[in-house]
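Engineer: make a model of this:
(2 chains)
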Amino acid sequence: MTRRIPGLPWVAPALLVLAALSLYPLLYLIKVSLTGAHGFTFDHYIRLFHDRLFVVAAAQTLLYAAVALTLEFFLGLALALLVDSLARGRALIRVSLLAPMLLPPVVAAVIWRLIYNPEFGALNGLLRQLGFHTASLTWTSGRSTALLSVILVDVWEWTPFLFLLLTAGLQAIPAEPLEAARVDGASYWQTLRDVILPEMKPAIMLALLLRSMDLLRIFDQIFLLTQGGPGSATETVSLYIYRTAFRFSNFGYAAAMSFVGLVITMLAARGLMRLIRVS
Amino acid sequence: MLAATTPVTTSSVLIHFLFVPILLMVLSFLLLAGCSHPGSDKTLTIAVNAGVEGSALKAAAAEWGQQHNTRIEVVELPYANLFEKESLDLQSRTGAYDVIMLDDPWFPKLVADGGLAQIPRPPDADFLPSCLAVCRHAEKFYALPYVGNSQLFFYRKDLFEKYKLGMPDRWEKVRDAAKTIGAGEKMFGYVMRAAPGNSAVTDFMPLLWAFGGDIFDAQGKPNLASPEAIDALRLMVELGKSSPPGYAGFNAAEVSAQLLQGTAAMSINWPAWIAAMDDPSKSKVPGMIEFAPMPAARVPGVAELGAWLLAVPVSSPHRDAAFDFIYWATEAAPMTEAALRGNPPTRRSVFQSSDLVKKFRAFPAQLASLAGARPRPRTAQWNEIENAFGVSLSQANSGALSPEAAMQQANREIAAILERSK
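Structural biologist: Presented below is the predicted three-dimensional model:
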């Protein structure tokens, strides 16, 4: 056995820890999701397809993740390129840009609750000073603005994370292809499109992978900013799972939703990882 | 390289790698286990709500602990987390708490799970019947009422006098007064909490009852698609037009802030906020807010009960001491002390104490409201029902659904919840 897999003894402790911390809870989760009041059942999974709140929450989670990821990626990339092109003060600007990410989510949510307050908040105050009519701008309480408002908080807090990873990818590009492009007389946009972005592809994919997994399980900001409201306008899957498990004490259904959410996240991650390998 | 010089087997590596971590884990567990029960015979662990209700109980527990030479450990949790911690403890019988403080709508669920110990002696007749009713299950008592919360109607007396509006004793008058004051004073005539879940439901229930509606009919079936319920929601949405923008996301703190800032003239609120309304350091309009019973509509107005109860989990390791404590904490003298700290009592004698009535001008109104207050439906599925109902109410208030569609949606979803629970 040790001859056929010589590294096994060395990785065995890590495998055991992994099995204890990841595999056992996952198997237990599946068991709970298949257990009803009268024993084994698929009812929790069947209910998923008829549950209006779950369908709404799943659709909103995907929309939230797609919009936030797109905005955070393009803003993070633009900032990384901009800061990298500066001749002086790059270190200071990098540290300053990371500040929102370093704040605990609770603090960030409290700050934004105050900013978004329709009457006393800084945002409407600023807009009023600029001459805008703000009576109908209720941000987190408006059914058409609530989701966008919480997405903007996410963008504010997590764009620095994308910026950090993309900056690392940018700095890992060897100097030779960039010099060759300059010697060949390539414009900035040509260099960006044909040299920088292809070279950054692994970093980009890694950044998108990590952030998308995080976005698909978004909970804290929404819980603190809107509690899923108004109505169910900002309800997400994680929030609904939390409520189902800990407010309604329905652990079987919460486990079924968690397992389905895990499968969706794993499929999304696998798709992105395949792209990384191809790149 | 290592394999060539030293014979390595799987078992030897496992022992080598696992011995130290396992030893450390065992030692850590022993240490933690030792820390969690220092002098366990003399420690009473109490779970309380973080807020004025919990503060008074903490002070009472400290006093009782000194008198009985017992160490008191208070676990203070915010409202949103208190239920889940208590529910998990009661279901898994961990014995983490000796005494728990619980909101009355949680009682049916916790008692149905078999987690609460029966009270050894029935409570005396000085407790208000409305408060005792929510401590009873199958004719037996499993809790004692500690805080007698019931809603009151808060309104700006000075503005009602200025515009000669009379008393806000009917919801139609409230609606008209909100418009008059809103137009005349350039302020919001009314403010309510309509965030999804508990907030929206809490502010809607007095309207629903005043219109003669209820969540369930006499057979226990959902009854929210009734004309009474739809009319009540129509009035709620209409009152929303006199409320500040964004009220569909408001909770208690935002509503009270509007009253304290003098930017809104009326609201439904809880007695815990009365002291702040009269405190010049917190209110811009101290002494101008009056407290009245719930307005009527088609039937007399009824307030919602929100009592806090004290109970002992069956898994409590110190059950006798825990019962001694909750009986003591709900006696008249400690309850008077708690009232002085801001907790509305549950005993008639404490409400009628002349010293307290002099100190708290709203006590007569609170007693009248509490005596006739109605609890939320006594069902173990209440949290789920309240969530579904609250989402529909919030959708109607944010304009996403019409009152008819919102009530029909709530009715369907509550019926599905009840069906699943069978």
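
Engineer: which single residue of the stretch 151-279 of chain A ends up nearest chain B?
Structural biologist: Residue nearest to chain B within the stretch 151-279 of chain A (C-beta to the nearest C-beta): residue A:231, separated by 3.3 Å. (C-beta placed from N, C-alpha, C; glycine too.)

Engineer: excluding its backbone neighbours, what's nearest that residue?
Structural biologist: residue B:395 (3.3 Å; C-beta to C-beta, 6 or more residues apart in numbering or on different chains).

Engineer: all the helices of the stretch 201-350 of chain B, residue numbers only.
Structural biologist: Assigned by DSSP state H, counting those that start in this stretch, the helices in the stretch 201-350 of chain B fall at B:227-240, B:252-260, B:274-277, B:319-329, B:332-340, B:348-351.

Engineer: can you redo those helices as CSV with mean pLDDT, distance to residue B:150 and mean neighbour count?
Structural biologist: Shown next, in CSV, are the helices of the stretch 201-350 of chain B (pLDDT from 0 to 100; distance: least, C-beta to C-beta, whole Å; neighbours: other C-beta atoms under 10 Å in any protein chain shown):
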stretch, mean pLDDT, distance to residue B:150, mean neighbour count
helix B:227-240, 97, 19, 21
helix B:252-260, 89, 15, 21
helix B:274-277, 88, 12, 19
helix B:319-329, 96, 20, 19
helix B:332-340, 95, 15, 18
helix B:348-351, 96, 12, 20
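
Engineer: quick one: closest of the ones you listed to residue A:75.
Structural biologist: Checking these against residue A:75 by C-beta to C-beta gives helix B:252-260 as the closest, at 31.5 Å.

Engineer: which elements pack onto the helix or strand that contains residue A:112?
Structural biologist: Using DSSP states H and E, residue A:112 maps to helix A:105-116. If you count contacts as 3 or more C-beta pairs under 8 Å, 6 or more residues apart in numbering or on different chains; DSSP states H and E, helix A:105-116 packs onto helix A:122-129, helix A:146-171, helix A:220-225.

Engineer: picking that back up, helix/strand/coil for the residue of the stretch 151-279 of chain A closest to chain B?
Structural biologist: Per DSSP: H, G, I helix; E, B strand; the rest coil, the local secondary structure of residue A:231 is coil.

Engineer: cool, and residue A:75?
Structural biologist: When the rule is three-state DSSP, residue A:75 gets the label helix.

Engineer: quick check: which ranges of chain A have low pLDDT?
Structural biologist: A:1-3, A:279 (pLDDT under 70).

Engineer: for the helices of the stretch 201-350 of chain B, give me a markdown table that also has distance to residue B:58.
Structural biologist: Putting those into a markdown table (distance: least, C-beta to C-beta, whole Å) gives the following:
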| stretch | distance to residue B:58 |
| --- | --- |
| helix B:227-240 | 37 |
| helix B:252-260 | 21 |
| helix B:274-277 | 18 |
| helix B:319-329 | 11 |
| helix B:332-340 | 10 |
| helix B:348-351 | 19 |
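
Engineer: nearest to chain A among those would be which one?
Structural biologist: Across those, closest to chain A is helix B:252-260 (C-beta to the nearest C-beta), at 8.5 Å.

Engineer: for the closest one, name the packing helices and strands.
Structural biologist: Partner elements for helix B:252-260 (3+ C-beta pairs under 8 Å, 6+ apart): strand B:266-269, helix B:274-277.

Engineer: quick one: which of the ones you listed is nearest residue A:258?
Structural biologist: strand B:266-269 (37.2 Å).

Engineer: which residues sit against that closest one?
Structural biologist: B:151-156, B:168, B:174, B:177-178, B:181, B:189-192, B:202-203, B:206, B:252, B:255-256, B:258-259, B:294 (C-beta atoms under 8 Å, 6 or more residues apart in numbering or on different chains).

Engineer: could you do stretch A:184-193 as well?
Structural biologist: Counting by C-beta under 8 Å, 6+ apart, A:81, A:178, A:181, A:182, A:194, A:195 sit against stretch A:184-193.

Engineer: most centrally placed residue in chain B?
Structural biologist: Most central in chain B under C-alpha atoms, centre = their mean is residue B:103, positioned 4.6 Å from the mean C-alpha point.

Engineer: is stretch B:374-392 positioned near chain A?
Structural biologist: Yes. Using C-beta under 8 Å from any C-beta of the partner chain, stretch B:374-392 reaches chain A at B:381, B:383, B:384, B:387, B:388, B:391, B:392.

Engineer: what number of residues lie near the last one?
Structural biologist: Burial of residue B:392 is recorded as 30 neighbouring residues (other C-beta atoms under 10 Å in any protein chain shown).

Engineer: tell me if it really is in a helix.
Structural biologist: Yes. Under three-state DSSP, residue B:392 sits within a helix.

Engineer: if I look at it, how far off is residue B:90?
Structural biologist: Noted for residue B:392: a distance of 30 Å to residue B:90, by C-beta to C-beta, to the nearest Å.

Engineer: need the strands for the stretch 51-200 of chain B, in chain order.
Structural biologist: B:71-77, B:99-103, B:136-137, B:140-141, B:144-147, B:152-156 (DSSP state E, counting those that start in this stretch).

Engineer: up against chain A, what does the stretch 201-350 of chain B have?
Structural biologist: B:244, B:245, B:246, B:247, B:248, B:249, B:250, B:263.

Engineer: what is the nearest of those residues to residue A:254?
Structural biologist: Of those, the one sitting nearest to residue A:254 (C-beta to C-beta) turns out to be residue B:249, at 25.1 Å.

Engineer: ok, the helix or strand that residue A:256 is a member of near chain B or not?
Structural biologist: According to DSSP H and E, residue A:256 maps onto helix A:251-278. No. Under the criterion of C-beta under 8 Å from any C-beta, chain B is not reached by helix A:251-278; the shortest gap measures 8.9 Å.

Engineer: quick check: buried residues in stretch B:175-186?
Structural biologist: B:175, B:177, B:178, B:180, B:181, B:182, B:185 (16 or more other C-beta atoms under 10 Å in any protein chain shown).

Engineer: check contacts around the third one.
Structural biologist: To tie it back to what came earlier, the one meant is residue B:178. B:188, B:189, B:190, B:239, B:242, B:265, B:266.

Engineer: with mean pLDDT added, can I get the strands of the stretch 51-200 of chain B in a markdown table?
Structural biologist: A markdown table is the format used below for those (pLDDT from 0 to 100):
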| stretch | mean pLDDT |
| --- | --- |
| strand B:71-77 | 94 |
| strand B:99-103 | 96 |
| strand B:136-137 | 95 |
| strand B:140-141 | 96 |
| strand B:144-147 | 96 |
| strand B:152-156 | 97 |
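
Engineer: now tabulate those strands in CSV and tack on distance to chain A.
Structural biologist: Compiled in CSV, the strands of the stretch 51-200 of chain B are given as follows (distance: least, C-beta to the nearest C-beta, whole Å):
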stretch, distance to chain A
strand B:71-77, 12
strand B:99-103, 12
strand B:136-137, 17
strand B:140-141, 22
strand B:144-147, 22
strand B:152-156, 18
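
Engineer: the residue nearest to residue B:214 when sequence neighbours are not counted - how many residues pack around it?
Structural biologist: In this structure, residue B:214 finds its nearest non-sequential neighbour in residue B:223, 6.0 Å apart by C-beta to C-beta, 6+ apart. Residue B:223 sits with 19 neighbouring residues when counted by other C-beta under 10 Å.
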